[in-house]
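[1] What would the 3D arrangement of this be:
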Amino acid sequence: MLKKITIHKGKRGLLFKQGNYEKMLYPGTYRQSPFAESDIIVVDTAMPFEVDGQDLQLFMHDDLLKRELEVVQVMDHEYVLHYEDGRFSGLLKPGAYAFWNVLKKHSFVHVDIRNPELPAEVDPVVLPKLHGYYHMLEVAEHEAGVLYYNHVMQKELAPGKYYFWRGPAAVSLQKVDLRQQQLDMTGQEMMTEDKVTLRLNFVCQYKVTHPLQVLAIKSFEEQIYIQLQLILREYIGGFKLDDLLRTKQQIAAFVLARLQEKEQEYGVHFISAGVKDIILPGDIRDILNTVLLAEKKAQANLITRREETASTRSLLNTAKLMDENETLYRLKELEFLEKICEKIGSISLTGGSSLLEQLNFLLGSKRADQTNS
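    The predicted structure is shown next:
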C-alpha cells in the first residue's frame, strides 16, 4: 500500500533517497511505496531553512531550492543583523544561514566587528534586542572623552552615549573633566633671601582646553603642582622677609603670569592664583610682634605728646586773650562759677547782704588782689 504525504501551502518538501537529498517538492499530495528507500521531510517556509544533521551545502546543488532561499554567510569577524519585512529579527553570529523568501522578504546588514563602533545603519531602537553583544560608554556634558582600541588612541569624543561591539578589539575610554578645577598647595616650606624659612598656603584655578594633550602627560596634576612649587621658590627666594611681607600682594600676579606661559605645554588655561596664608616660624613671629608692639607704643606716645603740646598752646593763647580783654576774663570767671555751682548742693549765707552782693564782693576782691600783685 502506498504511503500518502500531503504538503500544505506555506510548506515545502525535501525528498531524500538513500539518505541523500534529491530535490524540493511544492505543496501537493505525494505517494511513496513502503519499499522505496526514500523519505520526504516537510519544512515550514515561515521558519529558517534548517535540517537536523544536514549541512546547508548539501542542498545548494538544487537550483529550484536556491531560488526560494536567501542564503547568508557570516564571517568570523562579522555580525549580521537580520530583518524580516523591514523589522529586526535577530543577530547572526559566524556561520551559514538560509531563510525562505516565500512568505517574507529578508534583508541583512553586515557589520565588521574589527571596527567596534556600531555603524549608523544600526537603529538604536533595536539595541535592547542585542543585549550581550555590545557595551555602552558615556561622556558627560562637562567632560571630554578619548577613545582607545587595544590601548591605541583613536579620537576625541564629545559628550554623549556611544555603543561598541564586543569583539576582538578591547575598547576603553578615558575622560577629562572640563570644569574649572582648583589646585591647593598647603604648608609648603620656602626660604627667603635672608634664610628665613616660612610656610606658604597657595591656590590656583585652571580649566582644561586640550584633553588629548592632558592625557599625553603622565601624572598631570602632579606636574602642575611641581611647576607651581618651582615658580614660588624662585619668587620667595629673591626677597628678604621684610620686603616679601610688604609686597605679598604681588606674589599671585607673578605666579599667574608664569603659569600662563606654560598653558600651551600643559593644554590648560590658568584662570587665577592667590596666597591664602604666609605662616612664619614661632620665634620670628614673636620678634615681629615685639617690633610691632614697640612701634605702636611709640606712635601712641607721639600722639600723646602732640596733644599735650596743642593743649598747652591753647591754654597760653587763652591766657593772653584774657590779659588783654577784661570782659573775656569776666566771662571766664562766670563760666567757672557756673561749673562750681553745678557741684554745690546747698548755699549758706552769713551777714545781712544778699547772695549776689557776696559773690560780687568775692570776685571783686579776688580780681583786686590779682591786679595789685
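[2] now the helices for this protein?
    Here the chain has its helices, by DSSP state H, at 63-67, 211-215, 220-236, 241-246, 249-260, 263-266, 282-324, 326-343, 355-372.
[3] how many other residues sit next to the nearest residue to Glu143 once chain neighbours are set aside?
    Using Cβ to Cβ, 6 or more residues apart in numbering and skipping residues adjacent in sequence, the residue nearest Glu143 is Lys175, 4.8 Å away. For glycine as for every other residue, the C-beta is placed from the backbone atoms N, C-alpha and C. For Lys175, the neighbour count with other Cβ atoms under 10 Å is 17.
[4] what does the domain assignment say about this protein?
    The chain breaks down into these domains under automatic domain parsing: 1-105, 113-179, 181-280, 288-344.
[5] Could I get the ones you listed in JSON lines, plus columns for mean pLDDT?
    What follows is the domains of the chain, written out as JSON lines (pLDDT from 0 to 100):
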{"stretch": "domain 1-105", "mean pLDDT": "90"}
{"stretch": "domain 113-179", "mean pLDDT": "92"}
{"stretch": "domain 181-280", "mean pLDDT": "90"}
{"stretch": "domain 288-344", "mean pLDDT": "73"}
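[6] which residues are contacting stretch 251-263?
    Here stretch 251-263 makes contact (Cβ atoms under 8 Å, 6 or more residues apart in numbering) with 202, 204, 206, 209, 227-228, 231-232, 235-236, 269-270, 272-275.
[7] and what of stretch 48-62?
    The contact list for stretch 48-62 (Cβ under 8 Å, 6+ apart) reads 14, 21, 23-24, 41, 43, 65-66, 69, 71, 96-100.
[8] 6 Å instead, please
    By Cβ atoms under 6 Å, 6 or more residues apart in numbering, the residues outside stretch 48-62 that reach it are Tyr21, Lys23, Met24, Leu65, Leu69, Ala96, Ala98, Phe99, Trp100.
[9] Can you list the buried residues in it?
    Buried residues in stretch 48-62, counting neighbours by 16 or more other Cβ atoms under 10 Å, are found at Pro48, Phe49, Leu56, Phe59, Asp62.
[10] Dump the C-alpha coordinates for it into PDB.
    Coordinates of each C-alpha in stretch 48-62 appear next as PDB, following Å, rounded to 0.1, in the frame of the first residue of the first chain:
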ATOM      1  CA  PRO A  48      14.700  29.400   8.800                       C
ATOM      2  CA  PHE A  49      15.800  26.700   6.500                       C
ATOM      3  CA  GLU A  50      17.400  24.100   8.700                       C
ATOM      4  CA  VAL A  51      17.600  20.300   8.600                       C
ATOM      5  CA  ASP A  52      18.900  18.400  11.600                       C
ATOM      6  CA  GLY A  53      22.100  16.700  10.900                       C
ATOM      7  CA  GLN A  54      22.500  18.100   7.400                       C
ATOM      8  CA  ASP A  55      24.900  20.800   6.300                       C
ATOM      9  CA  LEU A  56      23.500  23.600   4.200                       C
ATOM     10  CA  GLN A  57      25.900  23.000   1.400                       C
ATOM     11  CA  LEU A  58      24.400  19.600   0.700                       C
ATOM     12  CA  PHE A  59      21.300  21.400  -0.600                       C
ATOM     13  CA  MET A  60      23.000  24.000  -2.800                       C
ATOM     14  CA  HIS A  61      23.100  21.900  -5.900                       C
ATOM     15  CA  ASP A  62      19.300  22.300  -6.300                       C
END
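[11] Could you shift the numbering so residue one becomes 413, and keep it that way?
    Got it, the first residue is 413 from now on, which makes the last one we talked about stretch 460-474.
[12] what about it, distance to the chain center?
    From the chain centre to the centre of stretch 460-474 is a distance of 59 Å (Cα atoms, centre = their mean, to the nearest Å).
[13] which one among the contacts of stretch 663-675 gets closest to Lys660?
    Using Cβ to Cβ, Val687 comes nearest to Lys660 of the contacts of stretch 663-675, at 6.1 Å.
[14] For His473, see how far away the closest one is.
    In this structure, Val687 and His473 are 88 Å apart, going by Cβ to Cβ, to the nearest Å.
[15] And for Val455?
    Counting by Cβ to Cβ, the gap from Val455 to His473 is 18 Å.
[16] try Asp497
    29 Å.
[17] what sits against the residue most central in space within the chain?
    Geometric centre of the chain, nearest residue: Arg591, 3.8 Å, by Cα atoms, centre = their mean. The contact partners of Arg591, taken as Cβ under 6 Å, 6+ apart, are His554.
[18] and what of Leu476?
    Taking Cβ under 6 Å, 6+ apart, we find Leu476 in contact with Met436.
[19] switch the cut-off to 8 Å
    Counted by Cβ under 8 Å, 6+ apart, Leu476 has contacts Lys435, Met436.
[20] Name the nearest residue to Val455, ignoring sequence neighbours.
    Arg424 is the one closest to Val455 (Cβ to Cβ, 6+ apart), at 5.7 Å.
[21] The one you found against Thr457, yeah?
    Yes: with contact defined as Cβ atoms under 8 Å, Arg424 reaches Thr457; the gap is 5.9 Å.
[22] shared neighbours, the two?
    By Cβ under 8 Å, 6+ apart, the residues touching both Arg424 and Thr457 are Glu480, Trp512, Val514.
[23] which of those residues are buried?
    Neighbour counting with 16+ other Cβ under 10 Å marks Glu480, Trp512 as buried within these.
[24] Pick the one among the shared contacts of Arg424 and Thr457 closest to Cys753.
    Using Cβ to Cβ, Trp512 comes nearest to Cys753 of the shared contacts of Arg424 and Thr457, at 131.4 Å.
[25] Many thanks, I have nothing further to ask.
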